[in-house]
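Colleague: Kindly generate the corresponding structure for this input.
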Amino acid sequence: MAYLCKRSNKEDGLTGKRKVWYRFADRMIRNEKHLIRALNYIHYNPVKHEPVDDVYAWRWSSLFLYEGEKGTSWLKENWQKHKPSSGFGKGWDDL
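Modeller: Sure, this is the predicted structure:
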């Protein structure tokens, strides 16, 4: 894999500029509020990064599983109570 990446970068003139692996961050979920904020962040991420305009438009989202298990009113209530702050996830998905 590394050989192919280096060769591709050299051929494209992108040596040192193209990333294959990005930084990661792992976090231990501290409590239920933190879990809900993290889920809201994950569910909203496709809207934030603009492949879709609405969380329900991202067909690979686990949002549908939570809606089926917990209900739409639970999702709406917990979105209002536990919206991710503007800095939540900062650095996790900066490309």
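Colleague: Quick one: residues in contact with the longest helix along the chain.
Modeller: Longest helix in the chain, counting residues (DSSP state H): helix 32-48. The contact list for helix 32-48, computed with Cβ atoms under 8 Å, 6 or more residues apart in numbering, reads 27, 29, 52-55, 57-58, 61-63, 66, 78-79, 81-85, 88-89, 93. Glycine gets a C-beta too; all of them are placed from N, C-alpha and C.
Colleague: Buried ones among these?
Modeller: 55, 58, 61, 63, 66, 78, 79, 82, 84, 89 (16 or more other Cβ atoms under 10 Å).
Colleague: among these, which are in helices?
Modeller: Those of those lying in helices (DSSP H): 63, 66, 78, 79.
Colleague: rewinding a little: to the chain's geometric centre, what's the distance from the longest helix of the chain?
Modeller: Taking Cα atoms, centre = their mean, to the nearest Å, one finds helix 32-48 lying 8 Å from the centre of the chain it belongs to.
Colleague: Please give the element, helix or strand, for the residue of the chain positioned farthest from its centre.
Modeller: Note on the chain: the largest C-alpha distance from the chain mean falls to residue 11, namely 31.6 Å (Cα atoms, centre = their mean). Here residue 11, judged by DSSP states H and E, is contained in helix 2-12.
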